[in-house]
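[1] got a predicted model here, sequence first, then my questions.
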Amino acid sequence: MADRTACIIGASRGLGLGLVKHLATRGYEVHATQRSHGVALTELAAEHSGSVHIHQLDVTVEADVASLADAIPDGSLDMLVMNPGVYGGSEQSLEDLNADNVADILMTNAVCPVQAAIALMAKVTDGGVIGMMSSKMGSIADSSGGVNLYRLSKVSQNMLSRSLFEKHAKERDISVISLHPGWVKTDMGGPNALIDVDTSVSGMITVLEADRQPEHRFLAYDGTEVPW
Ligand SMILES: NC(=O)c1ccc[n+]([C@@H]2O[C@H](COP(=O)([O-])OP(=O)(O)OC[C@H]3O[C@@H](n4cnc5c(N)ncnc54)[C@H](OP(=O)(O)O)[C@@H]3O)[C@@H](O)[C@H]2O)c1
């Protein structure tokens, strides 16, 4: 029986799928959620029968999050990773921003992942860790501008993750780590990205597993600090 349990939200493909694969190989029991059917995730669950459990979940649908919470015992998760994210298309100049596209990306990339983390907080063990999939593109200090919808969503997620830590996690010694996965070869990162999924996810798991006092930090997959 696995002595550690993780839950990866948004695991149909890309980095989420990679996290499930690496964690299952390391002996974790893994709850993996998919919005769309993930063929590779289904194969992975068959390969690790009994230790990888697939749940249906759109992070913007409250009822999906409630069903997942019902399926996971309280205090059982050592690690919870909120990975879902969208890029927001190619038209992201300041002039392109409007009420609809701003609301859509903020809800999917920032508000709903944080609210889902709150809804799942009771499932995380005291002293556990929550990874929030952010991006260096959410760093104000490191920004040269542009890609405004995506940047807006990740910088917002970073701020809401601070509230998640201060108001919900810290009191139970749970750390919240805002993660920069690197520029990774996935559907979102594209073929010209600098690193592969395996490099990114093995680094992020090492970052998440590190012993630490309860804290909220912005860390890259290689453990380096990302400036806010
Ligand atoms: N790749 C990079 O270089 C890079 C760099 C920095 C940060 N990131 C971040 O890393 C995360 C994963 O990115 P990726 O590169 O693996 O992207 P990806 O290949 O496009 O995968 C995105 C994942 O998010 C899921 N998702 C999107 N909207 C969702 C929703 N409403 N509810 C539930 N799941 C949803 C997708 O599910 P479906 O299959 O159903 O669409 C898919 O599993 C994102 O948050 C992204 O912003 C990526």
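    Looks like it arrived, so ask away.
[2] CA only for contacts and neighbour counts going forward, please
    Will do.
[3] the ligand contacts on this structure?
    Contact residues (Cα under 6 Å from any ligand atom) of the chain with the ligand: 10-16, 35-36, 57-60, 83-86, 108, 133-135, 180-189.
[4] switch the cut-off to 5 Å
    The chain has residues 10-15, 35-36, 58-59, 83-85, 135, 183-184, 186-189 near the ligand, with proximity defined as Cα under 5 Å from any ligand atom.
[5] how many neighbours does the residue nearest to residue 87 when sequence neighbours are not counted have?
    In this structure, residue 87 finds its nearest non-sequential neighbour in residue 150, 5.7 Å apart by Cα to Cα, 6 or more residues apart in numbering. Applying other Cα atoms under 10 Å, we find 23 residues neighbouring residue 150.
[6] let's number from 170 now, not from 1
    Sounds good: first residue 170 from here, last item residue 319.
[7] surely residue 319 touches residue 260?
    No. In this structure residue 319 lies outside contact range of residue 260 using Cα atoms under 8 Å: 10.6 Å.
[8] residue 188 - how many residues pack around it?
    Neighbours of residue 188 (other Cα under 10 Å): 27.
[9] show me what contacts the residue lying closest to it once chain neighbours are set aside?
    In this structure, residue 188 finds its nearest non-sequential neighbour in residue 370, 5.6 Å apart by Cα to Cα, 6+ apart. For residue 370, the contact set (Cα atoms under 8 Å, 6 or more residues apart in numbering) comprises 184, 187-188, 191, 350, 390.
[10] apply 7 Å and report the result again.
    Shown in contact with residue 370 (Cα atoms under 7 Å, 6 or more residues apart in numbering): 184, 187-188.
[11] quick one: the helices in this structure?
    For the chain, the helices defined by DSSP state H cover 183-194, 208-216, 231-240, 268-275, 281-288, 317-333, 366-378.
[12] can you list these in JSON lines and add distance to residue 341 and mean pLDDT?
    Converted to JSON lines, these look like this (distance: least, Cα to Cα, whole Å; pLDDT from 0 to 100):
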{"stretch": "helix 183-194", "distance to residue 341": "24", "mean pLDDT": "98"}
{"stretch": "helix 208-216", "distance to residue 341": "31", "mean pLDDT": "98"}
{"stretch": "helix 231-240", "distance to residue 341": "18", "mean pLDDT": "98"}
{"stretch": "helix 268-275", "distance to residue 341": "27", "mean pLDDT": "98"}
{"stretch": "helix 281-288", "distance to residue 341": "13", "mean pLDDT": "98"}
{"stretch": "helix 317-333", "distance to residue 341": "12", "mean pLDDT": "98"}
{"stretch": "helix 366-378", "distance to residue 341": "17", "mean pLDDT": "98"}
